[in-house]
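Novice: have a look; sequence and predicted model below, questions after that.
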Amino acid sequence: MRFYIRSKSQKINSNSFFGFPTPAPPLMPLLFTNACRRAALLALAAGALAGSAAAQSPGSLAAPEVACGLVPLAPAARAAGAPLIIEAQVLSAQSFWDASRRHLFTRHRLRVFSLLKGSAADTAGLVVVTEGGRLGLDQQLLTNTLRLAPGQQGVLFLAPAPWPGLGLAGTAYAVYSSAQGFVAYDLAHATAADPVRTYPAIDATFYRGLDPLGAQARRALQPNPALAAAQRHQLAAAKGTAVATILGMQPVQLAAGTGAVLTIRGSGFGDVRGAGFVEFANADDGGRTFEQPLATDYVAWADGAIQVRVPSSGAGGHPAGSGLVRVTPDGGTVGASPQLLTVVYALSNVKSTDAQPTVQRPNHVATNGLGGLTFHFTPNFGGNAAAGAAWQRALASWRCQTGMNWALGDAAPANDIASDGRSTVAFDLPSAALPAGILGRTTSYYQGCYAADRSVVYYVGEVDMQFSTVAAFQFGPALALGLAIDFETVAVHELGHAQQFGHLIRPGAIMHYAVARGQNSRRLAPESDVAGGRQVLRTRSFRNRGCGGPALLPAPLTALSAAVEAGAGPVLRWATQAECFLAGFVVERSAGLDTAAATAGWQPVATVALGAPGGTYQVTDAQPAARLVYYRLALLRPDGTRDYAAPLPVAPDAAPQVALFPNPVTGTQLSLQYPAAANATALTYSIYDELGRRYRLAAAAVQPGLNVLTFDVGALPRGFYIFRWQDGQGNNQSRKFLRL
C-alpha cells in the first residue's frame with residue numbers, strides 16, 4: 001500500500017477519510033464514499049490521454065485526488081534527501097544475494113544522460129541497487145518498493161546504498177524514498193510520472209520543478225535519442241496521425257491476475273500488433289500512470305478487435321486497476337475507451353526468469369505443522385501490546401472471512417526481517433528504516449520447485465511484515481481521528497498482500513492503493529476482498545500443487561488425516577482451533593482416482609455438526625471400498641458455500657504397499673502409490689526403456705503417509721519400461737510397466 005501522509009499544516013476534518021466507510025454518522029459514509037469514488041474515476045479519465053494533460057500544470061496532482069487526501073512527499077523534501085539527481089536509462093538488471101544470503105537485491109547499470117544535482121564519476125554504467133529480486137527459483141517481492149526494468153528511463157533521486165554486505169566493487173546507490181524517488185518516462189507519449197504526480201511534458205519547466213530550491217543547473221552529458229524521438233512523435237501525432245478508436249469492451253468488470261480475458265472492439269488497431277500495445281490504469285499509483293501487459297498476455301490482435309489478459313503483474317511489475325483502457329497501434333496514436341474498466345480484485349502473480357517472462361500463480365503451503373502459516377512478533381513489535389492486539393484483530397478479519405489459515409506463535413528472537421524460515425511482524429529500526437512516506441510493507445519470499453509433470457510451481461515459503469516507528473499511529477481499539485493513522489487499517493491491508501493480493505483502484509476496498517490520516521478501514525469488502533481471498537485459496541492454496549509442501553488446511557482446521565485402522569476400517573480424523581466462519585462438516589469419498597475430474601463422483605459419507613469436545617472430530621466409513629479411494633473434508637460456511645481440504649488417499653489395507661498403475665498404460669497418466677516415511681520430503685525417479693535408455697530423470701515431492709503421484713507418460717513410445725525411484729535415505733526400488 002502507498003501510504004501518503006498529509007502535512008500537519010493542512011486542515012483535516014476528523015471525520016474525513018480516503019474513500020472508505022466510517023462508523024459515524026450513519027449517512028455520511030455512503031455519500032463521502034461515492035463522492036470519493038467519483039473523484040478518483042474523474043482523475044483517471046482526466047489523465048487518460050497524453051494530449052489532455054497539456055492543460056495541467058507541471059508536476060500537478062489531479063485535484064479530485066487531493067480532495068480525497070492523497071498527499072505526496074514535497075518536491076523540495078525529495079530533492080533535499082538525494083545528494084545525486086540524474087536523468088538516466090536502465091541498461092541491465094541482475095539479482096544477487098547479500099553476504100548473509102538472507103536478502104535478495106537487484107543491481108542495475110544505468111546510462112546517465114544528464115545531471116540535475118551532484119556529480120557522478122561513472123556515467124556509462126552507474127550502479128543502482130533496489131531491494132528484492134529474482135534469482136533462479138528464489139524470488140523476494142516487497143510491496144510499495146521500487147522495481148526497475150531494463151529499458152526504463154526517467155529521473156532518479158539517489159543516495160549511497162545503505163545496506164551492508166552487498167559485496168559490490170565501487171560506489172553503489174539506492175533510490176531515495178524508493179518508489180517516490182523515480183520519475184518514470186512514458187516514451188510512447190513523451191510524458192512522465194511518479195506515484196503521486198503527473199508531468200505533461202519533459203521540458204525545461206519539468207526539470208526545474210524537480211529540485212525547486214536547487215542552485216545547480218541541469219547539465220546534459222550525452223544525447224537521449226529515444227526521448228527525442230518520442231517528442232518528435234508527439235508533434236507528429238498533434239498534426240493528425242491515425243488514431244485508434246475504441247468502441248467498447250467486454251466484460252467491463254473482472255479480476256486481474258486470474259487469466260481473465262478482456263475483448264476490446266473498435267477500429268484502427270492494425271491488422272497485426274507489431275509495436276502496438278494495450279495499457280491499463282496502474283493500480284499501484286491510482287492510475288496516474290499506465291501499465292502494459294506482458295507480450296504473452298496478448299491472445300489476439302486484429303484491426304477491429306483485441307483480446308488480452310488483464311495482468312496483476314504487467315511489463316513494469318504493476319497490477320491493472322480500474323479506469324480507462326488505452327490502445328496504441330503500431331505507428332499510430334493512442335485511443336482511450338469510452339467507458340471504465342472495473343477490476344474487482346487482483347491476485348498476485350510472480351514472473352518467471354525466462355527470456356520471455358511468463359506469469360506464475362503462487363500458492364501458500366502449510367509450514368507450521370498445523371495446516372497453515374505462523375507469524376512471530378519481534379521484540380520491538382511484541383513490546384507494544386496495543387499494536388499486537390490491533391494486528392491480531394486484522395488477522396482475524398481475514399481468517400474468519402476467507403478461511404486463511406494463519407496463526408500467531410511465540411516471539412521471534414530478534415528484530416530482523418530476512419529470509420530465515422520464520423515469518424515475522426516487526427517495527428523498523430533506526431539503522432534500517434522504511435523509505436520516507438511509507439507506513440508498512442510486506443515481503444513475500446517465493447520459492448520454485450518442479451512438480452512431477454516437470455512444471456515449475458511457485459509457493460510462498462515465508463512472509464515478513466514491517467511497520468514504521470515514526471508514524472503517528474492510533475493503535476486502537478478506538479477509531480483514529482484527525483491526524484492519527486489507524487494502525488489496524490494499515491495491518492489489515494498488509495495482511496491482504498500476505499494473502500497474495502495486489503493493489504486496487506477501488507475506494508471502499510481494503511486493497512485500495514492509498515490511505516489517509518483519520519481514515520478507518522477495517523472491514524473487508526465482500527465483493528472484492530472476501531471474494532478474491534476465497535478465490536486465491538480455493539484455486540491455489542487449498543490444493544496440493546505437486547511440490548513445495550502440503551496444501552493449506554482451510555481455517556479453522558489444524559489437523560486432518562485419513563487411514564485404515566485395525567478393527568475399524570477407514571477413519572477420518574480432524575481438529576480445529578478458535579472456530580469461526582464455520583457451520584459444520586461433510587465427509588466425502590471419491591468413486592474415481594482423478595479427484596479433479598467430474599467423474600470423481602464424490603459421495604457423501606457423513607455430515608458432522610459443530611461442538612466436538614476440544615475441537616477433535618472423527619468419522620468412520622461404514623461402507624469401505626475394496627480399492628484405493630480418496631476422502632475429502634468439506635467445511636460448511638455460514639453463507640452456504642463449502643471449502644474443501646485437499647483429498648487424502650486411503651488404501652484398503654492398513655499397511656498399503658507400493659503400486660504402479662494402471663499397468664499396462666493405455667492413456668497418458670501413470671500413477672505411483674507410495675507410502676512415505678514420517679520424515680520423507682521427496683523422491684528422485686527415472687524411466688528407462690528395455691534397452692537401458694533413460695527417458696526421464698526428475699524429482700517429486702512427497703508427504704509423510706500415503707501418496708499417489710501422477711506422471712505424464714504420453715510422450716513415451718509403446719513398449720516395456722522400468723520405473724525406478726530413490727528416497728531421501730538412498731533406498732532404491734523399481735517396477736516394470738507396459739505402455740500401449
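Specialist: Nice, I can see it. Numbering: from 1, shown residues only.
Novice: check which helices and strands whichever strand or helix holds Ala606 is in contact with.
Specialist: In this structure, Ala606 sits in strand 603-608 according to DSSP states H and E. Using 3 or more C-beta pairs under 8 Å, 6 or more residues apart in numbering; DSSP states H and E, the elements in contact with strand 603-608 are strand 584-589, strand 616-620. For every residue, glycine as well, the C-beta is placed using N, CA and C.
Novice: would you reformat these as CSV and include mean neighbour count?
Specialist: Compiled in CSV, the helices and strands packed on strand 603-608 are given as follows (neighbours: other C-beta atoms under 10 Å):
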stretch, mean neighbour count
strand 584-589, 20
strand 616-620, 17
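Novice: number of nearby residues for the spatially closest residue to Gly548 that is not a sequence neighbour?
Specialist: Using C-beta to C-beta, 6 or more residues apart in numbering and skipping the chain neighbours, the partner closest in space to Gly548 is Tyr459 (3.9 Å). Using other C-beta atoms under 10 Å, Tyr459 has 23 other residues around it.
Novice: how near is Tyr459 to Phe96?
Specialist: Separation of Tyr459 from Phe96 (C-beta to C-beta, to the nearest Å) stands at 22 Å.
Novice: in whichever strand or helix holds Asn707, which residues are buried?
Specialist: Per DSSP H and E: Asn707 is located in strand 705-712. For strand 705-712, burial by neighbour count (16 or more other C-beta atoms under 10 Å) applies to 705-711.
Novice: and what of stretch 200-213?
Specialist: Neighbour counts over stretch 200-213 (16+ other C-beta under 10 Å) mark 200-202, 206-207, 209-211 as buried.
Novice: before we move on, back to that, can I take it that the residue nearest to Gly548 is in a strand?
Specialist: Yes - under DSSP: H, G, I helix; E, B strand; the rest coil, Tyr459 falls within a strand.
Novice: I'd assumed Asn363 was in contact with it.
Specialist: Yes - in this structure Tyr459 lies within contact range of Asn363 using C-beta atoms under 8 Å: 5.3 Å.
Novice: anything in contact with each of the two?
Specialist: Counting by C-beta atoms under 8 Å, 6 or more residues apart in numbering, the common neighbours of Tyr459 and Asn363 are 545, 548.
Novice: can you pull the pLDDT of the residue of the chain positioned farthest from its centre?
Specialist: Most distant from the centre of the chain: Gly567, at 48.2 Å, with distances by C-alpha atoms, centre = their mean. pLDDT for Gly567: 83.
Novice: try Asp453
Specialist: Confidence for Asp453, expressed as pLDDT, is 70.
Novice: which residue is the nearest non-sequential neighbour of it?
Specialist: Asp712 (5.0 Å).
Novice: and the one you found, how far from Gly335?
Specialist: Taking C-beta to C-beta, one finds Asp712 at 44 Å from Gly335.
Novice: on that earlier part again, which among the buried residues of strand 705-712 gets closest to Asp689?
Specialist: Phe711 (15.2 Å; C-beta to C-beta).
Novice: so what's the backbone phi/psi at the residue nearest to that closest one when sequence neighbours are not counted?
Specialist: Using C-beta to C-beta, 6+ apart and skipping the chain neighbours, the partner closest in space to Phe711 is Leu670 (4.9 Å). When read as degrees, to the nearest 10, the backbone of Leu670 gives phi -120, psi 130.
Novice: count of neighbours near Leu670?
Specialist: For Leu670, using other C-beta under 10 Å, the count is 23.
Novice: would you confirm that it contacts Val713?
Specialist: Yes - in terms of C-beta under 8 Å, Leu670 counts as a neighbour of Val713; the distance is 4.8 Å.
Novice: what about the buried residues of stretch 200-213, which are in helices?
Specialist: Among the buried residues of stretch 200-213, the residues falling in helices (DSSP state H) are 206-207, 209-210.
Novice: C-terminal to the strand holding Asn707, what's the next element?
Specialist: strand 719-727.
Novice: buried stuff in the helix or strand that that following strand is followed by?
Specialist: Where DSSP H and E defines the elements, the next helix or strand beyond strand 719-727 is strand 732-739. Within strand 732-739, the residues scored as buried using 16+ other C-beta under 10 Å are 737, 739.
Novice: got the angle for strand 732-739 vs strand 719-727?
Specialist: 160 degrees (axes from the mean of the first three to the mean of the last three C-alpha atoms, to 10 degrees).
Novice: can you tell me what sits against strand 732-739?
Specialist: Strand 732-739 is contacted by residues 658, 660, 663-665, 670, 713, 716-726 when judged by C-beta under 8 Å, 6+ apart.
Novice: filter the residues you listed down to the buried ones.
Specialist: 660, 665, 670, 713, 716, 721, 723-726.
Novice: need the residues you listed in TSV (columns: distance to Ile417).
Specialist: TSV is the format used below for the buried ones among the contacts of strand 732-739 (distance: C-beta to C-beta, whole Å):
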residue	distance to Ile417
Leu660	46
Val665	49
Leu670	44
Val713	45
Leu716	47
Tyr721	49
Phe723	44
Arg724	44
Trp725	39
Gln726	38
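Novice: what's the farthest-apart pair in these?
Specialist: Longest span within the buried ones among the contacts of strand 732-739, C-beta to C-beta: Val665 and Gln726, 22.0 Å.
Novice: now the residue most central in space within the chain. Nearest residue, chain neighbours left out?
Specialist: Nearest to the geometric centre of the chain sits Ser348, at 2.5 Å (C-alpha atoms, centre = their mean). Counting by C-beta to C-beta, 6+ apart, Gln500 is the residue found nearest to Ser348 once chain neighbours are left out, at 4.1 Å.
Novice: how far away is the one you found from Gly257?
Specialist: 9 Å.
Novice: tell me, what's touching the two both at once?
Specialist: Common neighbours of Gln500 and Gly257, counting by C-beta under 8 Å, 6+ apart, are 347-348.
Novice: and Asn680, what does it touch?
Specialist: Just so we're on the same page, residue 680 is Ala rather than Asn. Contact analysis of Ala680 by C-beta under 8 Å, 6+ apart lists 702-704, 727-728.
Novice: same check on Arg219?
Specialist: 114-115.
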